[in-house]
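*Asks:* fold the following and give me the result.
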Amino acid sequence: MNFTIRTARIEDLELIQTLINRSTRELQRGFYEESEIDAALELIGGLDVLIQSGQYFVAENDGCIAGCGGVSLLLDEETSAEIRGFFVAPEYARKGVASSVFDYCEKYCSERGVKSLFLASTLSGEPFYSKRGFTEIGRVKEPLSNGQFFELINMEKRL
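*Replies:* Numbers count the residues shown, from 1 in each chain. Down below sits the predicted model:
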């Protein structure tokens, strides 16, 4: 499959939010309890700011947004960046969408002199990032509004 990667636009926000909701509910199943997934969707915020930064990207296939992801270059340390908001529409899972967006983000960072990347991965995303050279540096349990916790894996990679 061929995907076109482009910078996300604010008018994409509603479609991206719908994709994130579908992706999270379907692709996290089996890794987290349903109640954890429902509450964890509250943790995803700031997409409008990320889109407006010009550092959030979408993969399109036949005009349909198949996946998304972005970076935040750190202001206090110019050589690091956080990988953020990576999601794939369930029907495009394991078809190269995440890899295409990730490769684009990694190139974007490399061209700007970034030397290290870090992220907080879901349990389901850990194998994807490990295959791309990320190593685990710790785990956190984010508190959720329903009293449960959502486990994430902090990972990093040197470029």
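*Asks:* torsion angles phi and psi at residue 89?
*Replies:* Phi and psi for residue 89, reported as degrees, to the nearest 10, are phi -60, psi 140.
*Asks:* so what's it up against?
*Replies:* 19, 22-23, 64-67, 97 (C-beta atoms under 8 Å, 6 or more residues apart in numbering). Bear in mind the C-beta positions are built from the backbone N, C-alpha and C, glycine included.
*Asks:* from the residues you listed, which land in strands?
*Replies:* Within the contacts of residue 89, residues falling in strands by DSSP state E are 64-67.
*Asks:* so which of those is the most crowded?
*Replies:* residue 67 (28 neighbours; other C-beta atoms under 10 Å).
*Asks:* from residue 35, how far off is that one?
*Replies:* Distance, residue 67 to residue 35, by C-beta to C-beta, to the nearest Å: 26 Å.
*Asks:* cool, residue 157 as well?
*Replies:* Taking C-beta to C-beta, one finds residue 157 at 32 Å from residue 35.
*Asks:* before we move on, what about residue 49?
*Replies:* Looking at residue 49 against residue 35, where the rule is C-beta to C-beta, the gap reads 28 Å.
*Asks:* residue 79 too?
*Replies:* 39 Å.
*Asks:* check residue 71 too.
*Replies:* Distance from residue 71 to residue 35, by C-beta to C-beta: 31 Å.
*Asks:* higher neighbour count, these two?
*Replies:* residue 71 (24 against 12).
*Asks:* beta-bridge partners for that one, please?
*Replies:* According to DSSP bridges, residue 83 are recorded as the beta-bridge partners of residue 71.
*Asks:* go ahead and confirm it touches residue 107.
*Replies:* No. With contact defined as C-beta atoms under 8 Å, residue 71 does not reach residue 107; the gap is 10.6 Å.
*Asks:* got the contact list for the residue positioned nearest the centre of the chain?
*Replies:* In the chain, the C-alpha nearest the mean C-alpha coordinate belongs to residue 86, at 1.7 Å (C-alpha atoms, centre = their mean). Residue 86 is in contact with 67-69, 98, 101-102, 119, 125, counting by C-beta under 8 Å, 6+ apart.
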